[in-house]
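# I need the structure of the sequence given here:
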Amino acid sequence: MNKLTNCLLKKDTTCLPVWFMRQAGRYLPEFREIRSKNKDFIKLCLDSRLSSEITLQPLKRFNIDAAIIFSDILMTPYALGQEVEFKKDHGPILSKLSLDKFNNNNHENFKNKLNPVYEAIKITRLNLKKEKSLIGFIGAPWTLIVYMLGLKQDKEKIDLEKLKKSEKLINDIINNLVDYLCLHVEQQVKAGADTIQIFDSWAGLIPENKLIDYCYKPNKKIVEFCKKNKIPVICFPRNINKNYLDFADFVKPDGLSLDYTIDPEWARDKLKNFTLQGGIDPKILFEKDNVIFKEVDKYLDIFKNFPYIFNLGHGLLPETNPDTLQKVIDRVNNFK
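Predicted structure coming up:
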């Protein structure tokens, strides 16, 4: 059992694994070189050899404990027939959802469309040291629906009118997505992933009275599938604030990834039955070394003698200096 799974399943308080969301990405010059020659992001995710190479880039540079496959949560709607395009400085653009297409999918077609992702996982596992974890991931149903139905008004607001009109549709799509997301989890694990992270990146946009239906219940179904199949699972219900406690009690994942709005002492005291991960604001890495180390040490001290995975409260930002990240990793790995 590697450090990450030990921490998640055995609640080992001594191992302190470290990895980072978006650790394979734009802050690395070697990634930017590949990306400059591969403008179509979806095609890049479907190039098994390049996807694996990108996945392994941070592990060639840093002494970290896990690789996370280079892919995207929107590969799921892509595999279910929706067109997905990534535009520079704009983010993802999805075609209008065709319900006929969506409802007429089948498992074989879905697996075939995502087979290059599973091949990338196989290649990565072959080239990854045994003691390193390989994380597969999915987007939670609600977060995928935000993109699939175009529910966002701006960066941090939801179109409530559209949400109200789409209630029945959302419930139908959630049920369908849970089925395909469990299949996607199963295939990633068959290919060699040993841990799954569920990204509910837009959970914080859900109205309070819909949290159970749109966030807790769908996550719980996928977590139960993972546990039934003995797959360690981490949930990241970003920006639900103190509802983390209700989420944890309802969903019962092995691990909870904290966003940077969460008070780490509150999390340690209230979420005692769970392995906790992350919590640090990624922007702290733009500060001077003494400020960064003070924040890193704060988290390490708070979570000493607690099952904790060192990470951030969101993904690494493109402007992050790899040398700064190296110093942080050294600080964590030398922590006594």
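# Which helix or strand in this structure has the lowest average pLDDT?
Using mean pLDDT, DSSP states H and E, strand 152-154 stands out as the lowest-scoring helix or strand of the chain, at a mean of 72.
# after that strand, next one along is what?
Of the helices and strands lying after strand 152-154 in sequence (DSSP states H and E), the nearest is strand 157-158.
# Sheet partners, orientation included, of that next one?
Partner strands for strand 157-158, per DSSP bridges, with pairing direction: strand 152-154 (antiparallel).
# how distant is stretch 106-118 from the center of its chain?
20 Å (Cα atoms, centre = their mean, to the nearest Å).
# Residue 280 contacts residue 297, correct?
No: Residue 280 lies out of contact with residue 297 (Cβ atoms under 8 Å); the separation is 11.0 Å. Every C-beta, even on glycine, is put in place using the N, C-alpha and C of the backbone.
# which of those two has more neighbours?
For the pair residue 280 and residue 297, the greater number of neighbours falls to residue 280 (21 against 13), based on other Cβ atoms under 10 Å.
# The closest residue to the more buried one other than its chain neighbours: neighbour count?
Nearest non-adjacent residue to residue 280, counting by Cβ to Cβ, 6 or more residues apart in numbering: residue 312, 4.9 Å away. Counted with other Cβ under 10 Å, the neighbours of residue 312 add up to 29.
# Next up, the contacts around residue 312.
With contact taken as Cβ atoms under 8 Å, 6 or more residues apart in numbering, residue 312 is in contact with 20-21, 260, 278-282.
# how does it look with 7 Å?
20-21, 278, 280, 282 (Cβ atoms under 7 Å, 6 or more residues apart in numbering).
# cool, and residue 92?
Residue 92 makes contacts with 74, 84, 86, 147, as judged by Cβ under 7 Å, 6+ apart.
# one step back: please tell me how far the residue nearest to residue 280 sits from residue 260.
7 Å (Cβ to Cβ, to the nearest Å).
# hey, what's in contact with both of the two?
Overlap of the contact sets of residue 312 and residue 260 (by Cβ under 7 Å, 6+ apart) consists of residue 280.
# where does the stretch 151-300 of the chain dip in pLDDT?
Scanning the stretch 151-300 of the chain for pLDDT under 70 picks out the ranges 153-155.
# Please, where are all the helices along it?
For the stretch 151-300 of the chain, the helices defined by DSSP state H, counting those that start in this stretch cover 160-165, 167-191, 211, 217-228, 244-251, 264-270, 289-302.
# Now do the fourth one against helix 244-251, angle only.
In this case it means helix 217-228. With axes from the mean of the first three to the mean of the last three Cα atoms, to 10 degrees applied, the angle from helix 217-228 to helix 244-251 works out at 50 degrees.
# Using PDB, list the CA coordinates for helix 217-228.
The C-alpha coordinates for helix 217-228 follow below in PDB (Å, rounded to 0.1, in the frame of the first residue of the first chain):
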ATOM      1  CA  LYS A 217     -27.000  12.400  -3.100                       C
ATOM      2  CA  PRO A 218     -25.100  12.100  -6.400                       C
ATOM      3  CA  ASN A 219     -21.700  12.200  -4.700                       C
ATOM      4  CA  LYS A 220     -22.900   9.600  -2.200                       C
ATOM      5  CA  LYS A 221     -24.000   7.200  -5.000                       C
ATOM      6  CA  ILE A 222     -20.500   7.400  -6.600                       C
ATOM      7  CA  VAL A 223     -18.700   7.100  -3.300                       C
ATOM      8  CA  GLU A 224     -20.800   4.000  -2.400                       C
ATOM      9  CA  PHE A 225     -19.800   2.500  -5.800                       C
ATOM     10  CA  CYS A 226     -16.100   3.200  -5.100                       C
ATOM     11  CA  LYS A 227     -16.300   1.700  -1.600                       C
ATOM     12  CA  LYS A 228     -18.200  -1.400  -2.800                       C
END
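# quick one on the thing from earlier: Serialize the contacts of residue 312 to JSON lines and add fields for distance to residue 106.
Supplementary listing: the contacts of residue 312 in JSON lines, determined by distance: Cβ to Cβ, whole Å:
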{"residue": "20", "distance to residue 106": "36"}
{"residue": "21", "distance to residue 106": "32"}
{"residue": "278", "distance to residue 106": "37"}
{"residue": "280", "distance to residue 106": "42"}
{"residue": "282", "distance to residue 106": "39"}
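# Now do the contacts for residue 299.
The neighbourhood of residue 299, defined by Cβ under 7 Å, 6+ apart, consists of 264, 279-280.
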